[in-house]
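# Prediction below, plus the sequence it came from.
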There are 2 protein chains.
Amino acid sequence: MPTSTKKEVRPRGRPRAYDSDQALADARDVFWRSGYAGTSLDQLSTATGMNRPSLYGAFGDKHALYLTTLERYIEAGRLAMVHALSEDLPLQQALLRVYDGALAWYLPADGDPLGCFMIGTAAVEAVDDAEVRAALAGGLRTYDKAFEKRLKLAQAEGELPADAQPPLLAKIASAILHSLALRARAGDSRASLRATAVAGVALICGNAGASPAPATGKTTAKGRGR
Amino acid sequence: MPTSTKKEVRPRGRPRAYDSDQALADARDVFWRSGYAGTSLDQLSTATGMNRPSLYGAFGDKHALYLTTLERYIEAGRLAMVHALSEDLPLQQALLRVYDGALAWYLPADGDPLGCFMIGTAAVEAVDDAEVRAALAGGLRTYDKAFEKRLKLAQAEGELPADAQPPLLAKIASAILHSLALRARAGDSRASLRATAVAGVALICGNAGASPAPATGKTTAKGRGR
DNA sequence: GTGTTTTTGTACTATATTGCATATAAATCA
DNA sequence: TGATTTATATGCAATATAGTACAAAAACAC
């Protein structure tokens, strides 16, 4: 009985048969697999269990629905990054925690590897669609900034040399993430992806040729973002 | 039947009104902008100047046509990389030449920034389409190998430390490329992209915090791949 | 020239897709 | 209970799209 402080009285007419968050997650999953242009309203209708008029009423047209799922995904990714990059771990391990968390999203235990929803589906639309392009650019910048903040802190605490350049290192850290997203969707193995992540972390943190690899099975269960 | 040693006699019937290479380049440009699913046969017909039946006769259906343009792009990229990575320049400059060449493709002087054709358009199709996925995986591997070969050589010649790991460094070098491709399509400025490339090269080559940047306007005119 | 071969150009079919109109269902309010 | 409100369900219309049939055109062979 969620009468709660928040959602007092029931609106008035017939109650909705769907859960908004769940429907958005279902729609996102269809877009995630087949892309924006490759997804039809029938597929979205089937996946969400909502018929077309209800979809329109709830989320607007296909374009608005896609943008909503994209923005929610980007925000969920930002939150996951902020958590993974918290200062309870040294830089090297924090970065690895980001990549492990990303791989958990990119390679679902059940079903095909999908990579990153944003990178996999928004990039292709970005040229013809200014709104998608803005969301993509914003998302990329958001993740850059998350890395950058943690790298600046690491520098302040002496984990990185004083002459390091956090903004540039952040772009490199993001580049590793972009590459994992892409390679995951291309079908690369988890082991291969993680090896790349480990090598990237080592390079960013200055352990050039070394092979540190703290642990390999540590997939940091952090939820599938569903 | 390509009887031929080269192209002696004219085939027999009515001559083709199109140039095959040109038509494929035109089709590729449409796919490059709008993606596979986002491109209609009418657009392809208009762009190539060929009507639908001619398109089918020449290149098969839309799917076969896309795969052909994708494979040609991948091979052209491989050739460009091999040239850029030739041993007439030290590693650092050779890598930068690759990235400058890539930016020339990703940011055409005329028209919108499109990023990488493979990364921008094949990634989204890769989940539902096994053939595209195979082409994408092959393309990624091809570029990894091109970097790896040059990095091994650099190591043999002492440009890289003996304990460096060329296969992993190659994946990082590719990651920089992937990121440039993505960011270009998202609208990032050329200057920003090049700064990232320079930082990546420095990291790979071991000049961690330094700011080497040999030159900035050197766009290495290497043709637009058209 | 006449016939053969191959390509082009037009038109067509079948299907898919988006978006909406209209009727029905499920709740609240009086 | 009956009116009102909101959501669902069915179905429809307009358009778009992929792929093909068929006739006209442009070359060569004789």
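Noted; the coordinates are in hand.
# Could you use CA atoms for every contact and neighbour count after this?
Will do.
# How confident was the prediction at the residue positioned nearest the centre of chain A?
Centroid check for chain A by CA atoms, centre = their mean gives residue A:77 as the closest residue, at 3.9 Å. Looking at residue A:77, its pLDDT reads 98.
# List the residues that contact residue A:117.
A:31, A:32, A:70, A:73 (CA atoms under 8 Å, 6 or more residues apart in numbering or on different chains).
# Same check on residue A:200?
By CA under 8 Å, 6+ apart, the neighbours of residue A:200 are A:173, A:176, B:172.
# could I get these as JSON lines with distance to residue B:188?
What follows is the contacts of residue A:200, written out as JSON lines (distance: CA to CA, whole Å):
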{"residue": "A:173", "distance to residue B:188": "17"}
{"residue": "A:176", "distance to residue B:188": "17"}
{"residue": "B:172", "distance to residue B:188": "20"}
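# State which one residue of chain A is found closest to DNA strand D.
residue A:13 (3.1 Å; CA to the nearest atom of the strand).
# what's the helix or strand for the residue lying closest to residue A:199 once chain neighbours are set aside?
Excluding its sequence neighbours, the residue lying closest to residue A:199 (CA to CA, 6 or more residues apart in numbering or on different chains) is residue B:168, at 6.4 Å. Taking DSSP states H and E as the definition, residue B:168 sits inside helix B:166-186.
# again, but for residue A:93
Taking DSSP H and E as the definition, one finds residue A:93 inside helix A:91-106.
# what's the angle between that helix and helix A:166-186?
30 degrees (axes from the mean of the first three to the mean of the last three CA atoms, to 10 degrees).
# Helix A:91-106 near chain B at all?
No: Helix A:91-106 is not in contact with chain B by CA under 8 Å from any CA of the partner chain; minimum separation 11.9 Å.
# Follow the chain on from that helix and name the next helix or strand.
For helix A:91-106, the following helix or strand on the C-terminal side (DSSP H and E) is helix A:117.
# Let's see which of the contacts of residue A:117 end up in helices.
If you go by DSSP state H, the contacts of residue A:117 have A:31, A:32, A:70, A:73 in helices.
# I'd like the residues you listed as TSV, with neighbour count and pLDDT appended.
Formatted as TSV, these follow (neighbours: other CA atoms under 10 Å in any protein chain shown; pLDDT from 0 to 100):
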residue	neighbour count	pLDDT
A:31	26	98
A:32	25	98
A:70	24	98
A:73	20	98
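# Let's have those residues in CSV, adding distance to residue B:152.
Output for these, formatted as CSV (distance: CA to CA, whole Å):
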residue, distance to residue B:152
A:31, 41
A:32, 37
A:70, 41
A:73, 40
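# List the buried residues in stretch A:195-209.
Buried residues in stretch A:195-209, counting neighbours by 16 or more other CA atoms under 10 Å in any protein chain shown, are found at A:195-206, A:208-209.
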